[in-house]
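In: predicted coordinates and the sequence they were generated for:
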Amino acid sequence: MTSSTVLASLPVDSERIPWLPMQSPGLSFKPLRFFRDGSGWVYLFRLEPGTRIPRHRHTGEVHAFNLSGRRQLDTGEVVGPGGYVYEPRGNVDSWKVVGEEPVVILIHVRGGIEYLGEDGQVLRTAMPADRLESYRRWCQETGAEFLATCE
């Protein structure tokens with residue numbers, strides 16, 4: 001090998017990032033990493049008891065690891081702390097928080113999320129660039145430090 005590349009770890013202290021409210025009540029997130037090529041993001045997702053995630057489709061794969069709380073998938077399965085869910089590209093699902101404890105999930109998303117109407121029509125789309133822009137805007141409006149990393 002004629003040259004060496006030094007790769008550095010890029011730690012993010014999630015405790016320093018406040019929960020950012022999302023458009024729907026009962027939802028908030030802590031962005032951890034946005035991929036420079038715009039292909040996805042990694043974040044902590046918090047949902048309050050009783051919150052429902054509407055029917056949606058993933059345009060890329062999703063990895064979701066439950067850190068706390070319980071959620072019920074539309075298949076009826078309940079995922080609790082330590083549970084992992086893989087959602088392949090094209091997966092359509094919905095789910096809800098069950099129990100009295102908020103759900104916190106570490107999520108790695110590739111692609112976007114298309115929220116669907118009853119007839120399967122796309123009502124709105126959430127792309128990685130949308131999440132990054134909403135975080136940048138929130139930091140500017142509140143004077144908060146931009147703490148997520150972009151690789």
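Out: Structure received.

In: export whichever strand or helix holds residue 140 as CSV, just CAs?
Out: Using DSSP states H and E, residue 140 sits in helix 128-142. Extracted C-alpha coordinates of helix 128-142, given in CSV (Å, rounded to 0.1, in the frame of the first residue of the first chain):
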residue,chain,number,x,y,z
PRO,A,128,-33.5,12.6,4.0
ALA,A,129,-33.0,16.1,2.7
ASP,A,130,-36.3,17.1,4.3
ARG,A,131,-35.2,15.8,7.7
LEU,A,132,-31.8,17.5,7.4
GLU,A,133,-33.4,20.8,6.4
SER,A,134,-35.9,20.7,9.2
TYR,A,135,-33.1,20.1,11.7
ARG,A,136,-31.0,23.0,10.2
ARG,A,137,-34.0,25.3,10.4
TRP,A,138,-34.8,24.3,14.0
CYS,A,139,-31.1,25.0,15.0
GLN,A,140,-31.2,28.4,13.3
GLU,A,141,-34.6,29.3,14.9
THR,A,142,-33.6,28.2,18.4
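
In: paired strands for the next helix or strand after that helix, with orientation please.
Out: Sequence-wise, the next helix or strand downstream of helix 128-142 (DSSP H and E) is strand 149-150. Next to strand 149-150 in the sheet, as set by DSSP bridges, lie strand 27-34 (parallel).
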